[in-house]
Each structure stands twice: as C-alpha cells, then as structure tokens.
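How does the following fold in three dimensions:
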Amino acid sequence: MYRGLTVSVVIPCYNEEDGIPVVMADMPDLVDEVIIVDNNSADRTGIVARELGARVVLETRQGYGAAYKAGFRSATGDVIVTMDGDATYPRNFIPVLLDVLVEENLDFITCDRTGHKMEHSSFLRVFGNWVLSWAITLLYGFHLRDSQSGMWVFRRSLLDRMVITSDGMALSEEIKLEAFTLPAVQARELPIYYKPRVGESKLNLWQDGFVNLLFLIKRRFIRPADAPLGATPFSPHVTSEVPGPQMVED
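This next block holds a predicted model:
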C-alpha cells in the first residue's frame, strides 16, 4: 500500500519462466498484489509465478492486449502498474512513479525508455518506435517519445472511462491515446532506464509495426460504433470469460 492506495502490478506473459524470478526478486514491498497473466505459455511461467507469490490468471485468447484486459479485470488495487515479464522494466522505479502520480495529482503515467533503449535494442526496433510516436503526433496532436512503452502507472478508476479494443500489441498505444485525449485526465510521460531482456523476444518487428501503424490510422478516422467515448472498456465488444486466479498445471 502507498499513502492509503492499494497497488496492483499486472504483467502479461507468454513463455517467461526465466524472467519472472528476476521480476519478482526486487518487487517493492508496497505492492499489494502481482498478477501474472499466463497467455497460453508452453513453459512453466504460471507455475513459477505462483511459487513466487504472484496471482496467476489464465487468458486463453492469444494476444498482448487480451492478456492485459484479463489482468485489468482481475486487479483490485486503487493504482495499477504494468510491465513485461522479461525483466526489462525497473521495479525499483515504482515508488518514484507513485510519488509523482500522487503529488502531481495525475491519473496516468507512461514511461519513456528512449534515453536508455538504444543500447539494448536493434536499430529497426528503435526506428519503428520513432515512426509510431510521430504518427501519433501527426494524427492526434500530442507527442510521446516512447509510444510503445509497456510500463504505465494509472488509477484503476480511469478504466471506467477508457475504450480499449485491441487484443494485440496495439493496446500499448491505444491506452495512451485514451489517457492523453480524454477530457479532464491528467497524463504525463516520464523517463526510466531499460534493461536487457531475459529470454527471447516474441515480437515480429515488421508485422507488429505495420499493424500498429494501421491501427493508429484506422482509430483516428473510424471509431468503433459500439464503443463511444466514455463507454467502459469491458462492455460486450471486448469482454471475455476469464477463468480467474487459476491455471492448469502439467
């Protein structure tokens, strides 16, 4: 708990049994729950996470966005922190980000890796992020240095105002579009450092990059008819049955 606010950390995972122990080893004590969303992992991700004290939720719909939406439904904290299961995002930054969220009365913080990302990332990955970030600037009128960052800190109550439709990688940019364009929402981007990943990357850089770019264009000009601004993110067009904090072990 932090200043009377409960804190949930939500981590979508697909075959991250090597990264999860690193992530859990230095999770701050102020975190009330860690939710690992096992997105059909073929390894021991869920088993390892449980053994280390995380709550495991199984999401059978494949996809980064689908996993995150399952985690958001299961989270009970007043504040949600997100990160990947590959240990790239700094757990020890969580208290600092919470300080900023509370002291500046913010609703949403997204983290910027670009100051440290070049050292650990390929040119193609960095260039793709730059293209997508400038696409947001041109299409939506605000600029992010790191539009694809997967570390966010936000008040859970904000989800009731957001429309989140993507089941794939585009959820990362979609949630930022909502946070930075919804009226009366206070959102900021803050720098963090970024570590080399543990385990193998699951991204298809060309395919995911083009899909994310097309998503930005489509969403700018064609907003889903059944998802008007202000609708809840878990209305029927995005809801799925989530089995809860259980998984089938081998």
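
quick one, what contacts N39?
By CB atoms under 8 Å, 6 or more residues apart in numbering, the residues touching N39 are 12-14, 59, 62-64, 66-67. Placement of C-beta: from N, CA and C, glycine included.

burial measure for the spatially closest residue to L30 that is not a sequence neighbour, as a count.
Closest residue in space to L30, ignoring its immediate chain neighbours: Y2 at 4.8 Å, by CB to CB, 6 or more residues apart in numbering. The burial count assigned to Y2 is 19, neighbours taken as other CB atoms under 10 Å.

same thing with I164?
As a burial measure, I164 scores 20 neighbours (other CB under 10 Å).

Next, it: phi, psi?
Note on I164: its backbone torsions stand at phi -120, psi 110 [degrees, to the nearest 10].

Hmm, G65 and it touching each other?
Yes - under the criterion of CB atoms under 8 Å, I164 makes contact with G65 at 7.3 Å.

what residue ranges in this protein score low on pLDDT?
116-125, 127-128, 199, 201-206, 223-250 (pLDDT under 70).

now do 50
Along the chain, the parts satisfying pLDDT under 50 run over 118, 226-250.

any chance you could map the strands in it?
For the chain, the strands defined by DSSP state E cover 7-13, 33-38, 55-58, 79-82, 108-112, 152-155, 187-191.

Partner strands of the fourth one and their direction?
The sheet places strand 79-82 alongside strand 7-13 (parallel), strand 152-155 (antiparallel), with pairing taken from DSSP bridges.

what is the orientation angle of the first one with strand 33-38?
Looking back up the chat, that one is strand 7-13. 10 degrees (axes from the mean of the first three to the mean of the last three CA atoms, to 10 degrees).
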